[in-house]
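> here is my input, please return the structure:
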Amino acid sequence: MQNSVESHVFDGLKKEVGNVFHFDLQGAKLPAIDGMDSEKILELSRLTRGLLFASVEAAQSGHPGSASKAEQFWSLVLSGALAFDALDPKHSGRDRVVWSAGHCSPMLYSGLALIYEALRRGGRQFMPEVLHAVMPEDLIRFRRPDGPQGHIENYYPISDVATGPSGHGLSSAGGIAIAHRSCGLPMRTWVFMGDAETEEGMTYEARNVLSASGTDNIIVSLDYNHFGIDGPIEEAMDGNYLNHWLGLGWNAIEVDGHNPLELAYAYRLAGAGLGNQKPTVVIAHCQKGKGYGARSGKAESHGTVAKHDEYVDLMKQLGFDIPGEKGKVMGDIEIILSQYNDELEKYVATRLETAKEKIQPESALIALMKKAIGDRPLIAPKSLKRPEGELPAELIFKSGDKVATRKAAAAWFKWLMGETAFFYIGAGDLAKSILTNSAENVYGIYGPKNPHGRGIRFGIAEQNMAMMSAAMTQDVLPGGFQPVSAFGTYAVFSSMMTNCVRLALIGNHLKPETAGFFVMLAAHDGPETGEDGPTHQGLYWMSMFGAYPGIKVYKPFDANETIEMLFYALEKNEPIALSLLRPDTLVLDRSLGHSTARDATTGAYIYKNFKYLISQLPVRSRYFESNQNKLILKPKLCLVISGVQVLLNTLEILPELEEKYDVKIVNVTSPQLFEDLRRSDPSKAKEIFSDADRACAVTLHAGWKGFLYPFLLPTDYTNRTIAIDTYLKSGSSKEVYALAGFDSASLKEKIFHSLSS
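Okay, the predicted model is just below:
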C-alpha cells in the first residue's frame with residue numbers, strides 16, 4: 001500500500017475468488033488521502049467536460065461520450081499512482097498510458113490543455129511543439145490537419161500507443177508491460193478502456209495471456225457505462241460482466257467512476273500490487289457522456305454531436321454562461337478558462353510534482369535491469385550488424401544441401417537471442433512447426449516461474465500476438481534499449497493479423513524516432529502445405545501486407561538468402577513479413593548467373609543471364625548464334641520467378657526452352673525492395689531488369705498473381721503472368737503443384753502459350 005492509512009483500509013472489502021481478488025469500494029467509508037482533494041478533481045472534471053464539448057462543437061465531429069472518463073483521468077494523474085513528468089513526458093522511467101478507447105481523444109486533449117495551461121500560468125518554460133503538448137487554443141482545431149487528431153496518437157503526453165480501433169489497445173499495452181516486467185523494471189502500464197471493448201475477441205486473447213503469464217504490472221481503468229455505439233452492451237454480452245474479468249484470472253476493483261477518492265484508492269492499490277502475480281482491472285461504474293445534455297447516459301452520446309442550441313444549453317447547465325455565437329468557440333473556451341482559478345492551477349502543478357517524483361533515475365533503472373537479466377548482453381538489437389566476412393558456422397548452408405527456409409530463420413533467431421537481451425519471440429501455438437522454439441528455449445518461456453523469459457506463449461490468438469509483439473518494439477526502455485520481436489503463424493492465417501500490423505506501422509509513421517522493428521513470420525507458405533488442403537495453403541496473404549506502407553514482404557529462395565535478408569531487414573530497421581517454407585528445399589547453386597545469397601537484398605537478381613547480350617538491338621530483338629556457319633535467330637525470354645520450387649521446376653525444362661529462346665531468369669525476393677532499388681540506384685536496377693527485359697518477360701509465382709505485377713506494368717500483363725487464382729485441394733506438395741499447373745510440364749506449356757498469345 002502507498003501509506004499507513006491505506007494498509008488497513010481494505011480489511012473486510014477484499015474477497016478471494018479462486019486465485020484472484022475482488023474489491024468493491026462503492027460507497028465504502030474511505031479515509032482521506034494526503035494530497036488528494038476530491039472537490040478540486042471534480043471541478044477539474046467539470047472544466048474538462050466544458051473544453052471537451054467545445055472541441056466537439058468546433059469540429060462538428062468527435063466523441064462526447066468520452067466525458068465519462070474525466071474523473072478517471074484526473075484521479076490517475078493526480079492521485080500519486082502515476083509516474084509522469086509533464087515537462088519530460090517521454091522519460092524512459094515513466095509509467096506508460098494506453099488509450100484502448102482511442103476515440104476518447106477530446107477527453108485527453110482537454111485534460112492536457114488544463115495541465116499545460118497550469119504550467120504556463122505558473123511560469124514554467126516549455127515549448128509545446130517539442131513536448132507535443134495540447135494547449136487550450138489548439139482545441140478549436142480538433143480533427144483538423146494542423147490540430148489535435150481525431151484518434152489518440154503516440155507522440156502526445158500521457159499517451160504511448162496510436163489507437164483507434166476498439167480492443168487493440170489492451171494488447172498493445174500488454175506487450176509493453178511484458179517487456180518491462182521481463183526486464184525487471186518497476187514501471188506500470190495503465191489502460192483506459194471502454195466496457196464494450198470486452199466484446200472484442202482480441203481482448204479475450206489478451207486477458208488470457210496476461211493472466212497466465214503473471215503480468216501484474218498492467219492496470220486497466222475500465223469505463224463501465226453499459227453502452228457501446230449501437231446500444232446496451234448486454235445486447236451482445238450475456239452473463240455477469242464481472243466474470244469476464246475475474247473468470248479469466250484478473251483482480252477486479254469496483255468503484256464509482258465519478259468518485260475521485262474511490263478511484264484514487266483503486267489506482268494506488270492496483271499500482272502497489274496485490275501480490276498474486278495477476279493483472280488488475282478497475283471497473284469504474286460511470287455515466288456515458290456525463291454532462292452532455294439529453295444524451296447523457298445514452299448510447300447516442302458516443303459520437304453524436306449536439307445541435308448548436310443544445311450545445312449552448314448544456315454548457316450553461318455545466319456552469320459556463322457562453323454567449324452562444326455559432327462559430328466562436330474560442331470565446332467559449334476563454335469563458336471556461338476564466339473559471340480555472342489560481343488555487344486549481346497550483347493544485348495541479350503541485351500534484352504533478354508528486355507524479356514526477358515517482359520516476360526513478362535512469363541509472364537506477366538500468367541497474368535494476370542488469371540485476372534482473374544477469375549477464376545477458378545489454379546491446380540494442382538495432383545496433384547489431386551483419387558480421388563482416390564469413391558468417392557464424394550455424395548461419396551458413398552448403399550449396400546442394402536441402403534445408404527448409406524455416407530452419408534457416410530458426411537458426412538466425414537463436415543467434416539473435418544470444419546477441420541481445422531485448423529480443424522476444426513467439427508463435428500462435430505453432431512453435432514446434434514454425435521452429436520459433438529454438439530461440440524461445442535460450443532463455444525460456446516468460447511466465448510466473450520465469451519472469452525474465454523471452455519466449456511468449458500466445459496460444460491460438462493471432463490478433464493479440466501481432467499487436468503485443470509489434471507494440472512492444474515501439475517502447476524505449478531505460479538506456480535507450482528498444483525491443484525487437486518475431487511472431488509467427490502459417491502464411492494463410494496471417495490475414496488475421498493485418499489490422500494489428502497496420503496499427504503498428506501507423507505508430508512507426510507517427511513517431512519515426514521510436515519506430516519499432518519486428519518480423520512477422522508467414523510460415524508454410526505456398527502450395528507446399530498441400531495435404532492440409534486449401535484452408536492451409538498460403539497463396540494470397542501477401543496481397544494485404546504488400547499494400548501497407550512501412551512493411552515489406554520478403555520471400556527468400558533458400559536458406560542462405562533467408563539469413564542475408566534477415567540481417568538486411570534488421571539493419572534497415574523496417575518491419576518485414578517473411579515468407580518461409582516448410583519442406584527442405586535445395587540450397588541454390590549460383591554458378592548460372594554468378595549471384596550470391598546477399599543479392600537477395602536488392603529484391604531481385606539475375607540467376608541466369610541471356611547467353612548473348614547485344615545492347616544495341618531493339619526491344620523484342622533477336623540475337624545471332626553461329627552454328628555450322630548458319631545464322632540462327634532466337635527470340636529473348638525473361639522469366640521472372642518468385643519461389644524456389646517454381647524455380648526448380650522451371651530449371652527442369654530450361655533445356656527445352658533454350659531450344660527456342662535465349663532465356664534469362666530473374667529471381668524475385670521482394671518486389672518492394674526492388675522498387676526501392678529503382679529509386680536509389682536506377683542503373684543497377686536496369687542491369688538486373690531492364691525495359692527490354694520487361695518487354696519479353698513472363699512472371700511465375702505459385703500464389704497471388706499481383707505479387708509480380710511491378711515486373712510487367714505498364715505493359716500488358718494479362719497473358720504474361722502465370723500464377724494461381726483459385727483454391728486447391730489436398731495432396732502431396734508434388735501433387736498440388738501439378739493440380740495448380742505448376743509442375744514442370746504444365747509450366748512449359750503455359751510459358752509457350754503466353755508467348756504465342
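
> show me the contacts for the residue nearest to H302 when sequence neighbours are not counted.
Spatially, and ignoring its direct neighbours in sequence, H302 is nearest to G65 (4.0 Å; Cβ to Cβ, 6 or more residues apart in numbering). Where C-beta positions appear, they are placed from N, C-alpha and C, glycine not excepted. Taking Cβ atoms under 8 Å, 6 or more residues apart in numbering, we find G65 in contact with 225, 227, 288-289, 292, 301-303.

> doesn't G303 lie inside a strand?
No. Counting by DSSP: H, G, I helix; E, B strand; the rest coil, G303 falls outside a strand, being coil.

> for V191, see how far away it is.
The gap separating G303 from V191 is 21 Å, by Cβ to Cβ, to the nearest Å.

> which one of these two is surrounded by more residues?
The residue with more neighbours, out of G303 and V191, is V191; 30 against 16, by other Cβ atoms under 10 Å.

> which residues in the stretch 51-200 of the chain form strands?
Secondary structure of the stretch 51-200 of the chain (DSSP state E, counting those that start in this stretch): strands at 96-99, 189-194.

> wait, which of those strands is closest to G741?
The closest of the strands of the stretch 51-200 of the chain to G741 is strand 96-99. By Cβ to Cβ, the value is 48.6 Å.

> mind giving me the packing neighbours of the closest one?
helix 168-182, strand 189-194 (3 or more Cβ pairs under 8 Å, 6 or more residues apart in numbering; DSSP states H and E).

> list the contacts for D309?
D309 touches G324, counting by Cβ under 8 Å, 6+ apart.

> redo that, cut-off 7 Å
For D309, the contact set (Cβ atoms under 7 Å, 6 or more residues apart in numbering) is empty.

> so the residue lying closest to Y446 once chain neighbours are set aside, which state does it fall into?
Of all residues not flanking Y446 in the chain, G453 sits nearest, at 3.6 Å (Cβ to Cβ, 6+ apart). Assigned by three-state DSSP, the conformation of G453 is coil.

> quick one on the thing from earlier: of the helices and strands packed on strand 96-99, which is nearest W704?
So among the helices and strands packed on strand 96-99, helix 168-182 is nearest, using Cβ to Cβ, at 26.3 Å.

> list the buried residues in the helix or strand encompassing L352.
According to DSSP states H and E, L352 maps onto helix 342-357. Neighbour counts over helix 342-357 (16 or more other Cβ atoms under 10 Å) mark 344-345, 347-349, 351-352, 354-356 as buried.

> and what of stretch 271-286?
271, 273-274, 277-286.

> do the same with stretch 47-65
Applying 16+ other Cβ under 10 Å to stretch 47-65 flags 47-59, 62-65 as buried.

> and that stretch, how far out from the chain middle?
29 Å (Cα atoms, centre = their mean, to the nearest Å).

> put the alpha carbons of it into PDB.
Provided in PDB are the C-alpha atoms of stretch 47-65 (Å, rounded to 0.1, in the frame of the first residue of the first chain):
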ATOM      1  CA  LEU A  47     -13.800  22.200 -16.700                       C
ATOM      2  CA  THR A  48     -12.500  19.300 -18.800                       C
ATOM      3  CA  ARG A  49     -16.100  18.500 -19.900                       C
ATOM      4  CA  GLY A  50     -16.500  22.100 -20.900                       C
ATOM      5  CA  LEU A  51     -13.400  22.000 -23.100                       C
ATOM      6  CA  LEU A  52     -14.300  18.600 -24.500                       C
ATOM      7  CA  PHE A  53     -17.700  19.700 -25.600                       C
ATOM      8  CA  ALA A  54     -16.300  22.900 -27.000                       C
ATOM      9  CA  SER A  55     -13.800  20.900 -29.100                       C
ATOM     10  CA  VAL A  56     -16.500  18.700 -30.500                       C
ATOM     11  CA  GLU A  57     -18.600  21.800 -31.300                       C
ATOM     12  CA  ALA A  58     -15.700  23.400 -33.100                       C
ATOM     13  CA  ALA A  59     -15.100  20.300 -35.200                       C
ATOM     14  CA  GLN A  60     -18.700  19.300 -35.500                       C
ATOM     15  CA  SER A  61     -17.300  15.900 -35.000                       C
ATOM     16  CA  GLY A  62     -15.900  13.700 -32.300                       C
ATOM     17  CA  HIS A  63     -16.900  11.600 -29.300                       C
ATOM     18  CA  PRO A  64     -18.500  13.500 -26.500                       C
ATOM     19  CA  GLY A  65     -19.300  10.200 -24.800                       C
END
